[in-house]
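Asker: Requesting a structural model of the entry that follows:
(one chain, ligands or ions: 1)
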Amino acid sequence: RRLHLDIMDGHFVPNITIGPVVIKSIRRITGLYLQTHLMIEKPERYIKDFKDAGSDCIIIHKEATSNFISTIKKIKKMGIDAGVALRPKTPVGTVKRFVRDMDMILVMTVEPGFGGQAFLEGTEKKVAEIKALLKKNNVSIPIGVDGGVNVKTASLVASHGATHLIAGNAVFKGNVIKNIKSLYN
Ligand code: ZN
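Answerer: Numbers count the residues shown, from 1 in each chain. Reported below is the predicted structural model:
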């Protein structure tokens, strides 16, 4: 189990969310693995801040930086995990060469930027593509799904190879305990 924290900068995506200060306060109250998803331009500028705030993993978008692999290496050099996130329109081929350098791959099943969106149909196929790519390279890392995860879509993406499901609304809307129980079923 992990906590997934969505960071938006108002540039890479239109919305703005939290920054390192909030992560630091979350770190103070939980021992859970903190996975920080940077939906920001030039994430290399901020990885140290997010690491120092207590992230256990930093996930970046390849198209957000012109120094993708050096940023990934920088994250790993700090002693934490590094991952890549694929937007719905980003082809799997974009990360083909890099799978051995990753600790996690995150498939976005909605367009990043806002919570509460519906799962984009067909994106489960991308999960299967990633699974096949990892297998081909003999790499065993988590495949996360981010966006529109609910009781219905959870089993769909899990059957296509997703190992980590990121749920926002499906957890926090209504009765949290009840929601979590039904997602695990
Ligand atoms: Zn996310």
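
Asker: Look up the closest residue to residue 37, ignoring the ones flanking it.
Answerer: Closest residue to residue 37 in three dimensions, ignoring its sequence neighbours and counting by C-beta to C-beta, 6 or more residues apart in numbering: residue 59, at 4.6 Å. Bear in mind the C-beta positions are built from the backbone N, C-alpha and C, glycine included.

Asker: I'd guessed that neighbour sits against residue 35; true?
Answerer: Yes: at 6.6 Å, residue 59 counts as touching residue 35 under the criterion of C-beta atoms under 8 Å.

Asker: what touches both of those two?
Answerer: Contact with both residue 59 and residue 35 is made by residues 83, 104, according to C-beta atoms under 8 Å, 6 or more residues apart in numbering.

Asker: Compare neighbour counts for the two and give me the winner.
Answerer: Here residue 59 and residue 35 are compared on neighbour count by other C-beta atoms under 10 Å; more neighbours surround residue 59, at 28 against 25.

Asker: Report the beta-bridge partners for that one.
Answerer: Using DSSP bridges, the beta-bridge partners of residue 59 come out as residue 37, residue 83.

Asker: Can you report how many residues lie near the residue of the chain at minimum distance from the ion?
Answerer: Of the residues in the chain, the one nearest the ion is residue 37, at a distance of 3.6 Å by C-beta to the ion. Using other C-beta under 10 Å, residue 37 is surrounded by 24 other residues.

Asker: Output the one helix or strand in the chain whose mean pLDDT sits lowest as PDB, nothing but the C-alphas.
Answerer: Sorted by mean pLDDT, DSSP states H and E, the helices and strands of the chain end with helix 169-172, the least confident at a mean of 80. Taking only C-alpha atoms (Å, rounded to 0.1, in the frame of the first residue of the first chain), the coordinates of helix 169-172 have been written out as PDB:
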ATOM      1  CA  ASN A 169     -12.700   9.800  -5.800                       C
ATOM      2  CA  ALA A 170     -13.400   6.100  -5.500                       C
ATOM      3  CA  VAL A 171     -11.800   6.200  -2.100                       C
ATOM      4  CA  PHE A 172     -12.700   9.600  -0.700                       C
END
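
Asker: Could you pull out the buried residues of it?
Answerer: 170, 171 (16 or more other C-beta atoms under 10 Å).

Asker: Output the set of residues of this protein in proximity to the ion.
Answerer: 6, 37, 146 (C-beta under 5 Å from the ion).

Asker: Got the confidence number for the second one?
Answerer: Looking back up the chat, that one is residue 37. Each residue has a pLDDT score; the one for residue 37 is 95.

Asker: give the contact list for it.
Answerer: 4, 5, 6, 7, 59, 85, 106, 146.
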